[in-house]
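# below is the structure, and that's it, no one-letter string:
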């Protein structure tokens, strides 16, 4: 186990709804990245937070947003869900942005109907 | 978005053979390179990292990096059925935040 937890494990939503996914980092890890992994694809970088500030973003629309809290846990929010948002959402934490080893959580499987 | 491409799969090898996985990347300023293994239904786990040109060996795994050709590979010697998984190549950039970008993965099946 990596010490990174995510909730919920599975989620089913309908088009147009909003969803919040949660990630609890390893203790002391101040950097968290979120990824979207569609079936049969590699993880796609959504954004990264370092000490509560977003410090990197991939090619995702603004309806994907996030937060990182003082205890370094984080949230991924997706508004106006689309069918193509169905995917495994992974968070990964690491002790600092410059470090190379990131620890993945088990992921949240989101299905949009 | 940085581009990381992996050789198309799926790849099947007999038990005991060498599995060769390849990856190219588009960003010349990429600084660090990684191979992750992902079992079906699980999250990725890091198996190798490489930073300098040449080979890096860790047990049955060897990573090879050629920055001039923007190419990184992973060799798995004496492949075992437990090696059957999807292998993801990832690069870390020099950009602020040092983000990771992943390839689409290559599915490997080791046949007993």
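Okay, I see it. Everything quoted here is computed from the prediction, not taken from an experiment.
# enumerate the residues of chain A near chain B.
When proximity is defined by CB under 8 Å from any CB of the partner chain, chain A lies next to chain B at A:2, A:33, A:35, A:40-45, A:48, A:50, A:55-56, A:58-59, A:90, A:92, A:97-98, A:100-102, A:104-107. Where C-beta positions appear, they are placed from N, C-alpha and C, glycine not excepted.
# among those, name the buried ones.
Buried subset of those (neighbour count, 16 or more other CB atoms under 10 Å in any protein chain shown): A:33, A:35, A:42-45, A:48, A:50, A:55-56, A:58, A:90, A:92, A:97, A:100, A:102, A:104-107.
# inside strands: which ones of those?
With DSSP state E as the criterion, strands contain A:33, A:35, A:44, A:45, A:48, A:50, A:55, A:56, A:90, A:92, A:104 from among those.
# what pLDDT is listed against residue A:76?
Turning to residue A:76, the model gives it a pLDDT of 98.
# same question for residue B:97.
In this prediction, residue B:97 has a pLDDT value of 66.
# so which residue is dead centre in chain A?
Among the residues of chain A, residue A:34 comes closest to the average C-alpha position under CA atoms, centre = their mean, at 3.2 Å.
# ok, that residue touching residue A:23?
Yes. Residue A:34 is in contact with residue A:23 according to CB atoms under 8 Å; the separation is 7.5 Å.
# distance to residue B:94 and pLDDT for the ones in strands among the buried ones among the residues of chain A next to chain B - can I get that in TSV?
TSV is the format used below for these (distance: CB to CB, whole Å; pLDDT from 0 to 100):
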residue	distance to residue B:94	pLDDT
A:33	16	94
A:35	20	97
A:44	20	94
A:45	15	92
A:48	14	92
A:50	15	90
A:55	14	88
A:56	12	88
A:90	23	97
A:92	19	95
A:104	23	94
